[in-house]
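A.B. asks: 3D model of this:
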Amino acid sequence: MISNVTPDEVDSIWPHFLPFVVKGLKHGQGDSVAPCHVLQSIKAGEMRFWVAHEGEKIKGGMVLETNHFPTKKVVFVVMLLGDNFEEWVDEMEAQLKQYRDINGADCIEASCRKGLVKKLMKRGWKQKAVIMECPL
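C.D. replies: Numbering: from 1, shown residues only. Presented below is the predicted three-dimensional model:
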C-alpha cells in the first residue's frame with residue numbers, strides 16, 4: 001500500500017524511513033542533500049512524502065517536489081528508496097503518474113544512482129542526462 005504522509009504525520013513516520021535515506025544518500029548525489037533538510041522541506045509542505053508499507057512496516061518510500069520552469073512543470077523525484085522495490089514500485093509509479101496528471105505537470109524526472117537507472121529503464125523511463133562532478 002502507498003500512503004501520503006502529511007506534514008503533521010511526518011515526525012512519527014520519518015524515523016522508520018531514515019535508515020533508507022541514510023543508506024540511499026551514500027550513492028548518487030547524496031552529498032548534496034541532508035536528511036534533516038529533506039525533513040524540514042516535508043514539514044514546510046515544500047516536498048511531498050509517500051511511503052510504501054504493509055500495515056505498520058515501512059518497505060520504502062518517495063520524496064518529491066513540483067518544479068515550475070518557464071517552459072514546463074515537472075514532478076521531480078528527490079528520493080526513491082527502500083527494500084524489495086519490485087513489490088511496491090508498480091503502485092508507487094501508478095500514483096506518481098496520477099499525481100503528475102492531477103497537478104498538470106508535463107513530465108516526471110528523477111536524479112538516480114546507476115542501479116535505479118537500470119530498474120527504471122526496464123520500466124520504460126529514459127535516461128535524459130548524466131550528472132558529472134569534477135573533484136577538488
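
A.B. asks: contacts for stretch 77-84?
C.D. replies: 17, 20-21, 23-24, 33, 38, 47, 52, 58-65, 88, 92, 96, 108-112, 116 (CB atoms under 8 Å, 6 or more residues apart in numbering). (Glycine included, C-beta is placed from N, CA and C.)

A.B. asks: In helices, which of these appear?
C.D. replies: Of these, the ones assigned to helices by DSSP state H are 17, 20-21, 23-24, 38, 88, 92, 96, 116.

A.B. asks: And those residues, which of them are buried?
C.D. replies: 17, 20-21, 24, 38, 88, 92, 96, 116 (16 or more other CB atoms under 10 Å).

A.B. asks: For those residues, work out which two are farthest apart.
C.D. replies: Val38 and Trp88 (19.9 Å; CB to CB).

A.B. asks: how far does stretch 23-33 stretch from start to finish?
C.D. replies: Length of stretch 23-33, first residue to last, CA to CA, to the nearest Å: 13 Å.

A.B. asks: how far away is the nearest residue to Asp106 once chain neighbours are set aside from Arg100?
C.D. replies: Spatial nearest neighbour of Asp106, excluding adjacent residues (CB to CB, 6 or more residues apart in numbering): Lys72 at 4.0 Å. Counting by CB to CB, to the nearest Å, the gap from Lys72 to Arg100 is 11 Å.

A.B. asks: shared neighbours of those two, anything?
C.D. replies: Shared contacts of Lys72 and Arg100, counting by CB under 8 Å, 6+ apart, come down to Cys107.
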